[in-house]
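Asker: Here you go, sequence then predicted model.
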Amino acid sequence: MKIGHRSFPCLLGRSGRKFAKCEGDGASPKGKWKLERLYYRADKMGRPLTALPSKPLKPIDGWCDAGGHGRYNRHVTLPFKSNHENLWRGDRAYDLVVTTNHNQRPRKQFGGSAIFFHVIGREAMGTEGCIALSEKHLAHVLKSCTRHTYLVI
């Protein structure tokens, strides 16, 4: 990953990158994606320095990844009966997690959900489609982000 003239090692989707992203394919979607909102674990750290809109995570925060559901690829409150991702994780992957506008407007059912910019967690070889950096590098990148920052994959 590059920001300005600095480069940072990162993980992409385990299936590489592709334009025609589908739910569950493990690929990072090629394109230019706006960084929407930073969520962070306030129980583990203070509010990170960034101009992005920020919100502390809560154990009830989730993200719907149930294709065909009306809340597909949207923030949800747990408990949630359909398939979802829990944003309050036991590992450190979502201690800092930034949502993107991938597949938001227009939203295509099964077109890929929860494409986040987050901390490297348990992934050794690749993510499920997200972009992941070390916590130190992600915190550094967030300092440079504005409401007009885009992630280019």
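Answerer: The structure has been received and is ready for your questions. Residues are numbered from 1 along each chain as shown.
Asker: residue contacts, the closest residue to residue 16 other than its chain neighbours?
Answerer: Nearest non-adjacent residue to residue 16, counting by Cβ to Cβ, 6 or more residues apart in numbering: residue 27, 5.8 Å away. Heads up, the C-betas are built off the backbone N, CA and C, glycines and all. Going by Cβ atoms under 8 Å, 6 or more residues apart in numbering, residue 27 touches 13, 15-18, 21, 129.
Asker: Tell me the spacing between residue 76 and residue 59.
Answerer: Note on residue 76: its distance to residue 59, by Cβ to Cβ, to the nearest Å, is 13 Å.
Asker: And those two? Which one has more around it.
Answerer: Neighbour totals were compared for residue 76 and residue 59, and residue 76 leads with 21 against 10 (other Cβ atoms under 10 Å).
Asker: any idea which helix or strand comes after whichever helix or strand that one is part of?
Answerer: If you go by DSSP states H and E, residue 76 is part of strand 75-77. Moving toward the C-terminus from strand 75-77, the next helix or strand (DSSP H and E) is strand 84-86.
Asker: Now that next one: buried residues?
Answerer: 84-85 (16 or more other Cβ atoms under 10 Å).
Asker: Can you tell me which helices and strands it packs against?
Answerer: strand 61-64 (3 or more Cβ pairs under 8 Å, 6 or more residues apart in numbering; DSSP states H and E).
Asker: Which members of the contacts of residue 27 are positioned in strands?
Answerer: Judged by DSSP state E, the contacts of residue 27 include 17-18 as members of strands.
Asker: out of the contacts of residue 27, which is most surrounded?
Answerer: Within the contacts of residue 27, most neighbours by other Cβ under 10 Å means residue 129, with 27 neighbours.
Asker: Would you mind listing where this structure has pLDDT under the threshold?
Answerer: Applying pLDDT under 70 to the chain picks out residues 123.
Asker: Please repeat the previous calculation with a cut-off of 90.
Answerer: Along the chain, the model assigns pLDDT under 90 to residues 1-7, 121-125.
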